[in-house]
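[1] below is the sequence, then the predicted model.
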Amino acid sequence: MDAPSGFRQPRKKGHKSKSQKPQLFEDTSVQQQPQFQHMPQSDPGYGYGPPQQQGGYDPNMYGSPETQYPGQPMFGNPMASMAMQYGASLAGQGTNIVQENVKTYVSTSKLKYYFAVDTAYVGKKLGLIAFPFTHTDWSIKYNQDEPIAPRYEVNAPDLYIPVMAFVTYILVAGVVLGTQDRFTPEQLGIQASTALVWLVLELLAILFSMYLMNVKTDLKYLDMMCYIGYKFVGMIFCLLASLIMFGAGYYCVLGWFSLSIVFFLIRTLRVQILPHSEADGFTRGAHRTLYLILAISALQPFLMWWLTRNTVYL
């Protein structure tokens, strides 16, 4: 039966109309997932931080701008900085100690003295080594307790001639080996190392003998290095003679320079060692020193032959 006009039939409980009124509040019974697609790319939290920081930049999240690069925490550590400064100070002290020790044993001023030569001195000294028999004055002149530079005194020891003679000897030995088809870079190194080792051993043996025999002298180890290095001059001429006259020329030049180097060293060392010898209770210092001078001088010809015997073609 139809209801009269103007009268609306009552609704049943629980029935929902299709045209319902809008909801007055939000239903929070179901938690919604955060919408990450609308998050700006510049957000450093990427949705993991607190809600109030998701839409902005937090300057304290990664520290201050001074600690933005790797390694800054280590350098910013006071203990690390103190350790670095202490290490730098130790390195500086070690460098100073090494320099002082080097200056004590090998002073630059001392080396300059042994290389204070000129062309005239080199020519005179080479002539004196090759022909010492006519030389009469073997004394060394001094200027206020200091020896005169080699350029002004031909009897003064120098390191220029021994060093240059050593280098020239190695080069000439390489030429001699090349003429015999025996040259190799290894052979050149063997020649240089062998000669250098024998020179150092000879110097140590002489200094040790002088210490045991209590020989008093003004000679320094660099002076003795100069005198025993003069034998390389004779060794050069021996090798050159072997290229021209083979075995006969080698032995002739070796014999001449053996006599000249022995005479040269005896006259030179006597002037610098014997005046300082004194007598003791058992034996005279002069005799003891003379035996040492003869031993040093006689050793030079043997070493000249020993270092060149395997190089020349006999």
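    Noted; the coordinates are in hand. Numbers count the residues shown, from 1 in each chain.
[2] which stretches in the stretch 51-200 of the chain count as strands?
    Here the stretch 51-200 of the chain has its strands, by DSSP state E, counting those that start in this stretch, at 142-143, 146-147.
[3] sheet-wise, list the partners of the first one with their directions.
    So that's strand 142-143. Strand 142-143 has its sheet partners listed here by DSSP bridges as strand 146-147 (antiparallel).
[4] using JSON lines, lay out the strands of the stretch 51-200 of the chain together with mean pLDDT and distance to residue 111.
    Placement of C-beta: from N, CA and C, glycine included. Output for the strands of the stretch 51-200 of the chain, formatted as JSON lines (pLDDT from 0 to 100; distance: least, Cβ to Cβ, whole Å):
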{"stretch": "strand 142-143", "mean pLDDT": "74", "distance to residue 111": "19"}
{"stretch": "strand 146-147", "mean pLDDT": "75", "distance to residue 111": "14"}
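[5] tabulate these in CSV, adding columns for mean neighbour count.
    Formatted as CSV, the strands of the stretch 51-200 of the chain follow (neighbours: other Cβ atoms under 10 Å):
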stretch, mean neighbour count
strand 142-143, 10
strand 146-147, 12
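[6] look up how far residue 227 lies from the nearest residue to residue 132 once chain neighbours are set aside.
    Distance criterion Cβ to Cβ, 6 or more residues apart in numbering; nearest residue to residue 132, sequence neighbours excluded, is residue 264 at 4.3 Å. Between residue 264 and residue 227 the computed distance is 8 Å (Cβ to Cβ, to the nearest Å).
[7] then residue 156?
    Distance from residue 156 to residue 227, by Cβ to Cβ: 11 Å.
[8] how many neighbours does the closest residue in space to residue 233 that isn't next to it in sequence have?
    Closest residue to residue 233 apart from its sequence neighbours, by Cβ to Cβ, 6+ apart: residue 165 at 4.9 Å. Per other Cβ atoms under 10 Å, the neighbour tally for residue 165 reads 20.
[9] residue 165 touches residue 237, doesn't it?
    No. Between residue 165 and residue 237 there is no contact under Cβ atoms under 8 Å: 10.3 Å.
[10] which ones are touching the residue nearest to residue 233?
    Going by Cβ atoms under 8 Å, 6 or more residues apart in numbering, residue 165 touches 229-230, 232-233, 235-236.
[11] related to what we said a few turns ago, let me know which of the strands of the stretch 51-200 of the chain is the nearest to residue 173.
    strand 146-147 (33.4 Å; Cβ to Cβ).
[12] ok, how many other residues are close to residue 310?
    13.
[13] can you pull the phi/psi pair for it?
    Main-chain torsions, residue 310, degrees, to the nearest 10: phi -90, psi 0.
[14] any idea how far residue 190 is from it?
    Distance, residue 310 to residue 190, using Cβ to Cβ: 9 Å.
[15] again, but for residue 306
    14 Å.
[16] so what's residue 300 scoring on pLDDT?
    Residue 300 is assigned 95 on the pLDDT scale.
[17] which strands or helices does the host helix or strand of it pack on?
    Per DSSP states H and E: residue 300 is located in helix 285-308. Applying 3 or more Cβ pairs under 8 Å, 6 or more residues apart in numbering; DSSP states H and E, we find helix 285-308 packed against helix 185-212, helix 231-273.
[18] nearest to residue 152, out of the ones you listed?
    helix 231-273 (17.2 Å).
[19] helices and strands around the closest one, which ones?
    helix 119-130, helix 160-179, helix 221-229, helix 285-308.
[20] return the residues in contact with residue 271.
    Listed by Cβ under 8 Å, 6+ apart, the contact partners of residue 271 are 138-140, 155.
[21] now swap in residue 150 and tell me
    With contact set as Cβ under 8 Å, 6+ apart, residue 150 has these partners: 113-114, 116-117, 121, 125, 156-158, 160.
[22] may I ask which two of these are separated the most?
    The distance between the two most remote of the contacts of residue 150 (Cβ to Cβ) is 15.1 Å, for 113 and 125.
[23] my guess is residue 266 contacts residue 294. True?
    Yes. Assessed by Cβ under 8 Å, residue 266 is found in contact with residue 294 at 7.1 Å.
[24] compare the two (neighbour count), which wins?
    Neighbours per residue, other Cβ under 10 Å: of residue 266 and residue 294, the larger number sits with residue 266, 18 against 14.
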